[in-house]
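Asks: Test case, fold it:
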Amino acid sequence: MAILVTGAAGFIGMHVAKALLARGDEVIGIDNLNDYYSVQLKEDRLAELEGDGFAFEKVDFADHQALDASLGGKDFDRIVHLGAQAGVRYSLTHPRAYIRSNIDGHLNLLELARHRQSAHMVYASSSSVYGGNTDYPFRVEDRVDHPISLYAATKKSDELMSETYAHLYRIPLTGLRFFTVYGPWGRPDMAMWIFTEKILAGEPIPVFNHGDMRRDFTFIDDIVAGVIAALDHPPADDGKEKAGRSKGPHALYNIGNNRCEELTHMIDVLESALGETALRDLQPMQPGDVPATAADISAIQRDLGFEPSTTIEEGIPKFVEWYRAYQSR
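Replies: Alright, predicted model coming up:
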């Protein structure tokens with residue numbers, strides 16, 4: 001039976017779908033192809049998935065009637081829900097987009113899993129849920145009651161709704177708190193792409209908090225390995241406490257690189273890969289942003305055997321190589 005992947009035209013969604021297809025799974029991909037960033041990039045990602053075993057439906061999963069209609073007659077027993085309205089700063093100016101996609105949309109996927117009696121749904125959360133926490137590294141057991149962006153608040157809400165559905169309907173659910181994902185086919189609204197584009201154009205790059213920023217940069221191949229490991233290991237409905245402290249069939253994991261890198265070092269590595277020097281425009285902290293993220297991945301290591309292996313010294317040149325090739329097409 002097939003696996004449903006939401007956000008299949010997105011950065012992580014495309015890579016996960018491609019890996020599932022490569023191991024012989026059938027994949028039904030859905031995406032609404034919105035214009036938050038380049039639709040052409042999304043269509044080019046989908047072109048990477050064309051072939052036997054992949055079926056695509058253009059649909060907005062925040063519209064439950066359209067979602068039900070598009071999936072009527074299609075069989076799948078597991079769901080990887082990666083579609084969302086992403087971006088911290090965009091949530092400051094377009095809040096309703098986040099409620100529609102991340103709240104209404106997540107509810108629709110939970111209802112879909114409930115009525116289809118899905119064997120497991122893995123869904124995307126975010127390191128943003130840790131908000132203003134200052135105890136590093138972040139642990140899945142930490143309280144996350146103080147989000148500092150609406151995006152983070154919607155992701156925390158997704159976790160709460162999932163806990164409720166796991167309790168009421170005993171649906172196996174796993175939430176993954178992603179930490180700063182980068183790599184080939186990445187998003188144009190993220191620092192790696194923005195910096196690369198501006199450095200090559202000879203333009204200044206915005207360096208927030210005057211460069212005093214740290215991130216757990218996680219390469220896409222490591223993320224995909226973690227997502228698939230989670231998909232293959234649904235939490236048991238055995239009354240035992242799971243990662244994240246649920247006693248229902250609901251687990252929460254950090255999925256990061258387990259290395260907290262200085263932003264200035266990331267820029268140094270990017271300069272080396274590009275063979276260019278960046279013009280660094282030092283700026284204050286942006287609203288909704290945090291000075292550091294660092295993942296404690298002990299739970300996902302223990303339960304799923306997750307071991308990220310790609311350093312930024314290895315991953316950034318791979319992104320640059322892809323970026324140059326893609327821009328020359």
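
Asks: which residues in the stretch 151-300 of the chain form strands?
Replies: With DSSP state E, counting those that start in this stretch as the criterion, the stretch 151-300 of the chain has strands at 173-178, 181-182, 204-207, 214-215, 218-219, 250-255, 261-262, 279-282.

Asks: Let me know which of those is tucked in deepest.
Replies: Each of the strands of the stretch 151-300 of the chain was scored by mean neighbour count; the highest is strand 250-255, a mean of 28, by mean count of other C-beta atoms under 10 Å. Glycine gets a C-beta too; all of them are placed from N, C-alpha and C.

Asks: What strands line up against that strand, and which way round?
Replies: Each strand that pairs with strand 250-255, with its direction, by DSSP bridges: strand 173-178 (parallel).

Asks: show me where pLDDT drops low in the stretch 101-250 of the chain?
Replies: Residues of the stretch 101-250 of the chain meeting the criterion pLDDT under 70: none.

Asks: Now F54: closest residue in space that isn't a chain neighbour?
Replies: V27 (5.2 Å; C-beta to C-beta, 6 or more residues apart in numbering).

Asks: beta partners of that neighbour?
Replies: Using DSSP bridges, the beta-bridge partners of V27 come out as I3, F54.

Asks: What's the local residue count around it?
Replies: Each residue near V27 was counted by other C-beta atoms under 10 Å, and the total is 23.

Asks: Kindly state the pLDDT recorded for it?
Replies: Looking at V27, its pLDDT reads 98.

Asks: Let me have the strands of the stretch 151-300 of the chain in JSON lines, extended by distance to V122.
Replies: Converted to JSON lines, the strands of the stretch 151-300 of the chain look like this (distance: least, C-beta to C-beta, whole Å):
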{"stretch": "strand 173-178", "distance to V122": "5"}
{"stretch": "strand 181-182", "distance to V122": "15"}
{"stretch": "strand 204-207", "distance to V122": "34"}
{"stretch": "strand 214-215", "distance to V122": "23"}
{"stretch": "strand 218-219", "distance to V122": "16"}
{"stretch": "strand 250-255", "distance to V122": "10"}
{"stretch": "strand 261-262", "distance to V122": "26"}
{"stretch": "strand 279-282", "distance to V122": "38"}
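
Asks: Tell me who's in contact with the closest residue to L46 other than its chain neighbours.
Replies: If the residues on either side of it in the chain are set aside, L46 comes closest to A9, at 5.1 Å by C-beta to C-beta, 6+ apart. Counting by C-beta atoms under 8 Å, 6 or more residues apart in numbering, A9 makes contact with 29, 31, 33, 42-43, 45-46.

Asks: which of the residues you listed are buried?
Replies: Buried members of the contacts of A9, counted by 16 or more other C-beta atoms under 10 Å: 29, 31, 33, 42, 45-46.

Asks: List the buried residues of stretch 96-113.
Replies: Buried residues in stretch 96-113, counted by 16+ other C-beta under 10 Å: 97-103, 105-110, 112-113.

Asks: And the helices in the protein?
Replies: 11-22, 39-47, 64-71, 90-93, 95-98, 105-116, 150-169, 191-201, 220-231, 263-274, 298-304, 312-327 (DSSP state H).

Asks: what's Q283 in contact with, if anything?
Replies: By C-beta under 8 Å, 6+ apart, the contact list for Q283 reads 206-210.

Asks: Tell me the spacing between the closest residue to G87 other than its chain neighbours and A2.
Replies: Nearest residue to G87, sequence neighbours excluded (C-beta to C-beta, 6+ apart): D189, at 5.6 Å. Relative to A2, D189 is positioned 30 Å away (C-beta to C-beta, to the nearest Å).

Asks: Comparing those two, which shows the higher neighbour count?
Replies: Taking other C-beta under 10 Å, D189 and A2 do not tie; A2 has more neighbours (18 against 15).
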